[in-house]
Structure formats: C-alpha cells, structure tokens
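Novice: please work out how this folds:
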Amino acid sequence: VAGLGNYGLRGTRHSVGMAVLDRLARQLAVAEGWRADRRCCADVAMAAAHGLELVLLKPRRFMNLNGLSVASAAEIYNFRPEDIYLVHDDLDKALGKVAIKLGGSARGHNGVRSCISALHSNEMTRLRVGIGRP
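Specialist: Below you'll find the predicted structure:
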C-alpha cells in the first residue's frame with residue numbers, strides 16, 4: 001500500500017496519501033515501525049491485517065517521482081502491479097469523499113502517472129481521497 005505525496009511537504013492536501021498511511025499504521029499498531037529503506041527511497045512499515053502481510057510505503061520523493069520508489073519496492077518485495085494499492089489525492093472529489101478504482105489512466109495525477117510509467121502497467125488499485133478544488 002503506497003501513500004503518494006510530496007515527502008518534503010507533508011501535511012498538505014496533495015500529500016493526503018501519506019497521511020492516510022500514517023493513520024492506517026496507527027490503526028494496525030505499527031506506527032512505531034516506520035523505517036527508512038534506502039533501497040527504494042521510502043519509509044516502510046510491515047503490518048498484518050485479515051490474514052494478509054502488508055508493506056506500507058511512503059516514498060521519500062516528490063510526487064512526480066513517487067513511481068520510482070513504488071517500482072523499486074515492488075521489485076524488492078516481489079509484488080506485481082495488481083498487488084499494489086495506491087492511495088492518493090483527487091481534486092475532482094469533494095473533500096473527504098473516497099473511491100476505489102482498479103486500473104485505468106492517471107487522470108492527470110502526476111504521482112499515478114509516475115507509478116504507471118515506472119511499473120509499465122496501469123493495473124494498480126487506487127484509493128482516491130477527495131481534497132476538492134481550492
């Protein structure tokens with residue numbers, strides 16, 4: 001599960017993917033388990049939920065390069081694109097509204113575009129979190 005955002009700009013609307021992962025890590029009682037993984041240039045935490053082993057990932061790059069971290073982690077942990085969930089902001093959704101989407105285009109989102117390019121696939125599941133328009 002990759003939370004897309006701008007690592008240096010945490011707390012902004014466009015980094016809501018990282019905020020969602022912070023919350024998920026707290027709920028799964030692994031919030032103290034984040035560690036920097038230099039191999040994929042990301043913060044990583046391992047978790048278990050409903051019998052599944054999860055890798056939580058927050059890229060340490062700007063949004064338009066998040067895909068490099070996601071693709072590196074996919075290689076390290078032996079994940080296929082269809083095993084990956086991207087959590088990211090969506091300007092076209094009202095603040096706080098969420099939607100799940102399987103595959104498809106980036107719809108103008110630079111972080112998703114970066115992931116599609118780096119993974120050579122658009123088969124990732126996306127959790128789109130509404131941030132509304134300014």
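
Novice: tell me how many other residues surround residue 23.
Specialist: 12 (other Cβ atoms under 10 Å). Heads up, the C-betas are built off the backbone N, CA and C, glycines and all.

Novice: that one belongs to a strand, doesn't it?
Specialist: No: under DSSP: H, G, I helix; E, B strand; the rest coil, residue 23 falls outside any strand and is assigned helix.

Novice: distance check, it against residue 133.
Specialist: Separation of residue 23 from residue 133 (Cβ to Cβ, to the nearest Å): 23 Å.

Novice: same check, this time on residue 71
Specialist: For residue 71, the distance to residue 133 - Cβ to Cβ - is 30 Å.

Novice: out of these two, which sits in the more crowded spot?
Specialist: Ranked by neighbour count (other Cβ under 10 Å), residue 71 and residue 133 place residue 71 first, with 21 against 8.

Novice: any idea how far residue 134 is from the more buried one?
Specialist: 31 Å.

Novice: quick one: average pLDDT of stretch 32-46?
Specialist: The average pLDDT for stretch 32-46 rounds to 97.

Novice: got it, and stretch 99-113?
Specialist: 94.

Novice: do the same with stretch 127-134
Specialist: pLDDT averaged over stretch 127-134 gives 92.

Novice: then stretch 1-13?
Specialist: Mean predicted confidence for stretch 1-13 is 90.

Novice: do a quick rundown of the strands in this protein.
Specialist: 2-3, 35-37, 42-49, 52-59, 85-90, 98-102, 125-130 (DSSP state E).

Novice: pick the most deeply packed of those.
Specialist: strand 2-3 (a mean of 28; mean count of other Cβ atoms under 10 Å).

Novice: what's that strand in contact with?
Specialist: 17-22, 56-59, 66, 69-70, 73, 84-88, 115 (Cβ atoms under 8 Å, 6 or more residues apart in numbering).

Novice: what about 10 Å?
Specialist: 15-25, 42-43, 55-59, 66-67, 69-70, 73-74, 84-88, 111, 115, 124, 127, 129 (Cβ atoms under 10 Å, 6 or more residues apart in numbering).
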